[in-house]
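In: Structure for the following, please:
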Amino acid sequence: MNASTQTGSVQTGRMQIGIVAGEASGDILGAALMRALRRHYPNCEFSGIGGPRMSAQGFHSYFPMDRLSVMGFVEPLKRLPELLKIRRFIKEHFTERPPAVFIGIDSPDFTLNIERHLKASGVPTVHYVSPSVWAWRQGRIHGIARSVDLMLTLLPFEADFYRQHQVPVEFVGHHLADEIPIEVDSSDPRHELGISAEGPLVALLPGSRGGEVEKLGPLFLQAARLCREQRPNIQFVIPAASPDRYRQIHHQLAQFVDLSVHLVQGQSQKVMAAADVALISSGTTALEAMLLKTPMVVAYKMASLSYAILSRLVKTEHVSLPNLLAGRALVPELLQKAATPEALSAAVLEYIDHPEQTGELLETFTDIHRELARDASNRAADAIAGLLEARA
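Out: Okay, here's the model as predicted:
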């Protein structure tokens, strides 16, 4: 694609807002933010890089968003020349045609460099979704301070970290907390999933990436087998995150023919709402389970060398979002060598055998949910409008 032919968001006399979102989650946030910003600026125009949801809101994307959606260590290196070319175009475009504000949504390795360049040229800059600078590589805070006029965080402890380092910040809340009702739905998700109402139900969520499922899928199934040996009436369900993960998990299940598991495509929130306990890989899914008021056991494994390096860099006592938000060991975390089938099955059965102990846990889940549910998109738009008013 020749981006130079796509600079059609020319000066129309309307307010111009630049946005770059590099992943599907950023596209969701970006589309909601655009709607909220139009409450303040009804005739504004948006351009930069975005996905289908943003485009449906009238966004002009100079490049397909999926050109930025690369993960891991090797793939970004292979794509580096293209990524640098795209970033150079965005920087030059918005330097020549300065927007009223530039907003980078997540993807910090790509967007913060653009923000730093534009801030130096006088364009107000905002970053939406904090990188995990509070957890590791904390020295990055100095580069972030040079890059942004305002940081918008999804989590309260992130905002506390930025305030400590005198970086302008606004805690806006988490969009998932806005989307998921605080009161648990009274419908019957088991019936909707075609799962029997008899016996405890355990959801297994080994991750959304192939590497995660490769390591955690067999481990979770081994733990499930141990649970079934001790409690024959336990049922298991796995929501596959994508068609590729569905095929991968289906292949893994062939090694566990003695274990009956209900495998479904997608529907992870419905599955967690139906479950009595969830065995989950660490990540956003743990936050979803908390918002759905589902007791959980969090586990994770990675390559030994990667874990050895990361464990020396991480500055937090906990890794799962429920525990980070609570500031204590709210749910079990079993990482690396501690994540054995025996330990995982014991943690799951602790919930199953002592349901009376989950009452306090679910109350804490509800309290945290209320703290995160702040109408994130509108709060973000209000904060951006406040920045522009102050600059004016």
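In: secondary structure class for the residue lying closest to Leu362 once chain neighbours are set aside?
Out: Nearest residue to Leu362 in three dimensions, chain neighbours excluded: Lys293, at 5.1 Å (C-beta to C-beta, 6 or more residues apart in numbering). Where C-beta positions appear, they are placed from N, C-alpha and C, glycine not excepted. Classification of Lys293 using DSSP: H, G, I helix; E, B strand; the rest coil returns coil.
In: didn't Lys293 look like it was pressed against Phe365?
Out: Yes - the criterion here is C-beta atoms under 8 Å, and Lys293 meets it with Phe365 at 5.2 Å.
In: related to what we said a few turns ago, contact partners for the residue nearest to Leu362?
Out: Shown in contact with Lys293 (C-beta atoms under 8 Å, 6 or more residues apart in numbering): 184, 362, 365-366, 369.
In: and which of the residues you listed is nearest Gly283?
Out: For the contacts of Lys293, the closest approach to Gly283 (C-beta to C-beta) belongs to Phe365, at 17.1 Å.
In: distance of that closest one from Glu212?
Out: Here Phe365 is placed at a distance of 24 Å from Glu212 (C-beta to C-beta, to the nearest Å).
In: When these two are compared, which one has more neighbours?
Out: Legend: neighbour count by other C-beta atoms under 10 Å for Phe365 and Glu212, higher for Phe365 (25 against 20).
In: isn't there a helix covering the more buried one?
Out: Yes - per three-state DSSP, Phe365 lies within a helix segment.
In: tell me the contacts of it?
Out: Shown in contact with Phe365 (C-beta under 8 Å, 6+ apart): 290-291, 293, 322.
In: phi, psi of the residue nearest to Leu362?
Out: Lys293 adopts backbone torsions of phi 60, psi 40, taken as degrees, to the nearest 10.
In: so how far is Thr358 from it?
Out: Distance from Lys293 to Thr358, counting by C-beta to C-beta: 9 Å.
In: same thing with Pro124?
Out: Taken as C-beta to C-beta, the span from Pro124 to Thr358 is 46 Å.
In: When these two are compared, which one has more neighbours?
Out: Pro124 (22 against 16).
In: is it true that that one touches Leu388?
Out: Yes - if you go by C-beta under 8 Å, Pro124 and Leu388 touch, sitting 6.5 Å apart.
In: Give me the common contacts of the two.
Out: 100-101.
In: how about low-confidence regions in the stretch 151-300 of the chain?
Out: 186 (pLDDT under 70).
In: now Pro243: how far from Asn378?
Out: From Pro243 to Asn378 the distance is 35 Å (C-beta to C-beta).
In: higher neighbour count, those two?
Out: Ranked by neighbour count (other C-beta under 10 Å), Pro243 and Asn378 place Asn378 first, with 19 against 10.
In: Could you pull up the contacting residues of the more buried one?
Out: Contacts of Asn378 (C-beta under 8 Å, 6+ apart): 36, 39.
In: Relative to Asp178, how far out is it?
Out: Counting by C-beta to C-beta, the gap from Asn378 to Asp178 is 9 Å.
In: Now do the same contact list for the spatially most central residue of the chain.
Out: Closest to where the C-alpha atoms of the chain average out (C-alpha atoms, centre = their mean) is Thr284, at 4.8 Å. Contacts of Thr284 were listed using C-beta under 8 Å, 6+ apart, and they are 176, 321.
In: ok, now Glu23?
Out: Contacts of Glu23 by C-beta under 8 Å, 6+ apart are 65, 68-69, 106-107.
In: Now name the helix or strand holding Glu88.
Out: No, residue 88 isn't Glu; it's Arg. Using DSSP states H and E, Arg88 falls within helix 80-96.
In: How about Gly217?
Out: Going by DSSP H and E, Gly217 is part of helix 210-230.
In: Pull out the buried positions in the strand or helix carrying Glu115.
Out: Glu115 belongs to helix 108-120 when assigned by DSSP H and E. Buried positions in helix 108-120, judged by neighbour count with 16 or more other C-beta atoms under 10 Å: 108, 110-119.
In: Over to stretch 332-344?
Out: Applying 16+ other C-beta under 10 Å to stretch 332-344 flags 332-335, 339, 341, 343-344 as buried.
In: what's next to that stretch, contact-wise?
Out: For stretch 332-344, the surrounding residues in contact (C-beta under 8 Å, 6+ apart) are 219-220, 222-223, 225-226, 279, 282, 297-302, 304, 307, 318-320, 323, 347.
In: please redo it, this time with the cut-off set to 6 Å
Out: 222-223, 226, 297-301, 307, 320, 347 (C-beta atoms under 6 Å, 6 or more residues apart in numbering).
In: Now the terminal residues of it, how far apart.
Out: 9 Å (C-alpha to C-alpha, to the nearest Å).
In: So what's the residue count around Gln269?
Out: Neighbour count of Gln269, defined by other C-beta under 10 Å: 20.
In: repeat for Gly266
Out: Close neighbours of Gly266, defined as other C-beta under 10 Å, add up to 14.
In: show me where the stretch 201-350 of the chain has helices.
Out: In the stretch 201-350 of the chain, the segments counted as helices under DSSP state H, counting those that start in this stretch are 210-230, 243-253, 268-274, 284-291, 304-313, 321-326, 341-353.
In: In JSON lines, list those along with distance to Cys44.
Out: JSON lines is the format used below for these (distance: least, C-beta to C-beta, whole Å):
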{"stretch": "helix 210-230", "distance to Cys44": "39"}
{"stretch": "helix 243-253", "distance to Cys44": "38"}
{"stretch": "helix 268-274", "distance to Cys44": "33"}
{"stretch": "helix 284-291", "distance to Cys44": "30"}
{"stretch": "helix 304-313", "distance to Cys44": "40"}
{"stretch": "helix 321-326", "distance to Cys44": "33"}
{"stretch": "helix 341-353", "distance to Cys44": "49"}
